[in-house]
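[1] What shape does this take:
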Amino acid sequence: MVAMELTAMSKTHPIKYKSGGVLAAAKTIIEEEIATKLDISTISFCCIADFGCSTGNNSFPAMHTIIEAVKRKYESSDLKTPDFYVWFNDVVSNDFNTLFRSLPLDRSYKVAAVAGDFHSHLLPPSSIHFAYSSWALQWLTEVPKPAVGLHSPAWKGGKRLYGVKREEVYEAYLGQFERDLEAFLKCRAVEMVKGGIMALLIPALPAYWDPQTEFTVASVIELLRSSLVDMAKEGKLSETKLDAFNFPYYIPTPEEVWAILQKSNSFSIERMEILKSGTLLTVDGHVACFRAVHQNMLTHEFGAETIDESFDMLKKKLQTSPVYANPSNDKTLVVVAILKLNNV
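    Residues are numbered from 1 along each chain as shown. Predicted coordinates:
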């Protein structure tokens, strides 16, 4: 892997850009940090929490990686391996039944579901040894007020929309993302044991990409939005409802994530690397992925009868654009941040 340091960042813990598969690279990072940073001297049992677990498909491999790495550390230290407990967290509407039915039969840990918003306190104080969250922290607790009623995502630019500048929308989204991430960190600081480790995988955007030849997850979001707008113009969904709707998430740049994490008094940034997403999704893959994530939300807002056509329109927009024909044009990034709770 080739890494490039960002010279504008901290010299103590510079963040790096790396190429290579996200899953393999993140796995290696987590294993290395557990081997070198996790304090096991006072652990009689080990509790791990996944914040934003969904139905478990992506969570189970991550839990296996974490637990196996902790086991190896105990074995190398000639200590008795502890019992492992995993708390799976997501919103109350999450399908925990599917998660429990899908649990690996050969797992070496006991499980519990913790339903609730991870921007609030969920678990007992000083109870988590390793906290994990993947592709979840981009979701916001609310759509910021300047974005309500705008058919536009939160990107920079000078064009006025309904009397509001795009940069005002961008700043509102960034501000909401910052407040929510800070709330997440404050809650975890209470719930984690001193010296505990947290691994965060956050989708991110490069500071610049060429929309004529490249795309990101934000580009696909824009096409989905434009599909909804087209349907509203054709009278197939309510323009009034669409006016009041905006997607409640924000995809940050790595620099924005770094700036927010660095301000935390409770956690130190042990490592931060920026990986290319490496998903290499086809057009059908993008449609399936976005439908899985957005279907319930759009059904609630616009009705089940609009879903098939909205994603059919998204597929046509992707198919007619040469940019999306080559999955390697995807410039979406993933921030992998390893944080350690300060002993203060």
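[2] Could I get the contacting residues of the residue sitting nearest the centre point of the chain?
    By C-alpha atoms, centre = their mean, the chain has its centre lying nearest to residue 135, at 2.1 Å. By C-beta atoms under 8 Å, 6 or more residues apart in numbering, residue 135 lies in contact with 52, 58, 201-203. For every residue, glycine as well, the C-beta is placed using N, CA and C.
[3] what about 7 Å?
    Neighbour list for residue 135: 201, 203 [criterion: C-beta atoms under 7 Å, 6 or more residues apart in numbering].
[4] quick one: the strands in the stretch 51-200 of the chain?
    For the stretch 51-200 of the chain, the strands defined by DSSP state E, counting those that start in this stretch cover 83-90, 110-115, 128-134, 160-161, 164-165, 192-204.
[5] where exactly do the helices run in the chain?
    22-37, 59-76, 96-101, 166-191, 217-233, 239-243, 254-262, 283-302, 307-319 (DSSP state H).
[6] nearest to residue 335, of these?
    Ranking these by their distance to residue 335 (criterion: C-beta to C-beta) puts helix 254-262 first, at 5.0 Å.
[7] For the chain, give me the ranges with low pLDDT.
    In the predicted model of the chain, residues 1-22, 147-165, 278-280, 344 satisfy pLDDT under 70.
[8] Surely residue 266 touches residue 343?
    No - with contact defined as C-beta atoms under 7 Å, residue 266 does not count as touching residue 343 (10.6 Å).
[9] With neighbour numbers in mind, choose between the two.
    Set side by side, residue 266 and residue 343 show more neighbours around residue 266, with 15 against 8, by other C-beta atoms under 10 Å.
[10] Tell me, how many residues neighbour residue 76?
    9.
[11] I'd like the distance between it and residue 302.
    Distance of residue 76 to residue 302, computed by C-beta to C-beta, to the nearest Å: 55 Å.
[12] repeat for residue 246
    Distance of residue 246 to residue 302, given as C-beta to C-beta: 13 Å.
[13] Repeat that for residue 340.
    Distance, residue 340 to residue 302, by C-beta to C-beta: 44 Å.
[14] Tabulate the helices of the chain (CSV), appending distance to residue 207.
    Formatted as CSV, the helices of the chain follow (distance: least, C-beta to C-beta, whole Å):
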stretch, distance to residue 207
helix 22-37, 19
helix 59-76, 28
helix 96-101, 36
helix 166-191, 13
helix 217-233, 12
helix 239-243, 30
helix 254-262, 7
helix 283-302, 23
helix 307-319, 24
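[15] Just tell me which of the ones you listed ends up closest to residue 130.
    Between the helices of the chain, helix 59-76 lies closest to residue 130; by C-beta to C-beta that is 5.6 Å.
[16] What are the buried residues along the closest one?
    Of all the residues in helix 59-76, those buried under the rule 16 or more other C-beta atoms under 10 Å are 59-60, 62-67, 69-71, 73.
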